[in-house]
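1. Have a look at this prediction, sequence included:
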Amino acid sequence: MPAATSKTVADDESPGRTAAVILPREVWSPPIIEPDADTVWTVGSTVRIVWDTSNPPRQVTNYEGKAVLGYLTDEDETNEHLEFDPPLAEGFNLTDGHVRIQVPDVSASNEYIVVLFGDSGNHSPKFTIVN
């Protein structure tokens, strides 16, 4: 990765100011292992969200994770319908590879997903929550 540099702004209304060079970053999007398409969670139970930590980049830009519940519909597979408030869990370290959560009181459905945020966001396959 190239070293960070700055340059003097020459053709700008603010001569003598420096501009930071934006460097590319390595994004870590660890695949979610659990829940998977065969998973069934029961409202009120304690379950684990598990993700693969075997291949992080050399430099992770954010180790603090957040997990949120969402759902996909057949009519619109691009809208994840994420529930940020409250999240399922937050403030955990992505290198832990898992977090325990209590399944929230939601309607039964087989279209739920979990999205893992930190360095990047990625979602699980659809799974089921029952009452």
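-> Nice, I can see it.
2. any idea how far residue 41 is from residue 77?
-> In this view, residue 41 and residue 77 are 21 Å apart by C-beta to C-beta, to the nearest Å. For the C-beta atoms, the positions are set from N, CA and C on the backbone; glycine is no exception.
3. between the two, which one's more packed in?
-> Using other C-beta atoms under 10 Å as the criterion, residue 41 and residue 77 rank with residue 41 on top: 21 against 9.
4. For the more buried one, report the pLDDT, please.
-> On pLDDT, residue 41 comes in at 98.
5. next one: the one 4 residues further on
-> In this model, residue 45 is scored at 98, pLDDT.
6. ok, it - contacts?
-> Residue 45 makes contact with 102-103, according to C-beta atoms under 8 Å, 6 or more residues apart in numbering.
7. ok, which stretches of this protein are strands?
-> Here the chain has its strands, by DSSP state E, at 6-8, 18-20, 32-34, 40-42, 46-51, 64-71, 89-93, 98-102, 109-117, 122-123, 127-130.
8. Would you mark the buried spots in the longest one?
-> Buried residues in strand 109-117, counted by 16 or more other C-beta atoms under 10 Å: 112-117.
9. Could you list the residues in contact with that strand?
-> Identification of contacts with strand 109-117 by C-beta under 8 Å, 6+ apart yields 30, 32, 35, 41, 49, 51, 65-73, 80, 82, 88, 94, 106, 121-129.
10. how far away is the spatially most central residue of the chain from residue 108?
-> The chain has residue 117 as the residue nearest its centroid, 1.9 Å off, counting by C-alpha atoms, centre = their mean. From residue 117 across to residue 108, the span is 25 Å (C-beta to C-beta).
11. just residue 92 next, same as before
-> Counting by C-beta to C-beta, the separation of residue 92 from residue 108 is 27 Å.
12. who has more neighbours, those two?
-> residue 92 (19 against 11).
13. what ranges of the protein fall below the confidence cut-off?
-> Applying pLDDT under 70 to the chain flags residues 1-26, 119.
14. do that again at 50, thanks
-> For the chain, the stretches flagged by pLDDT under 50 are 1-11.
15. List the contacts of residue 100.
-> Contact partners of residue 100, counting by C-beta under 8 Å, 6+ apart, are 46-48, 89.
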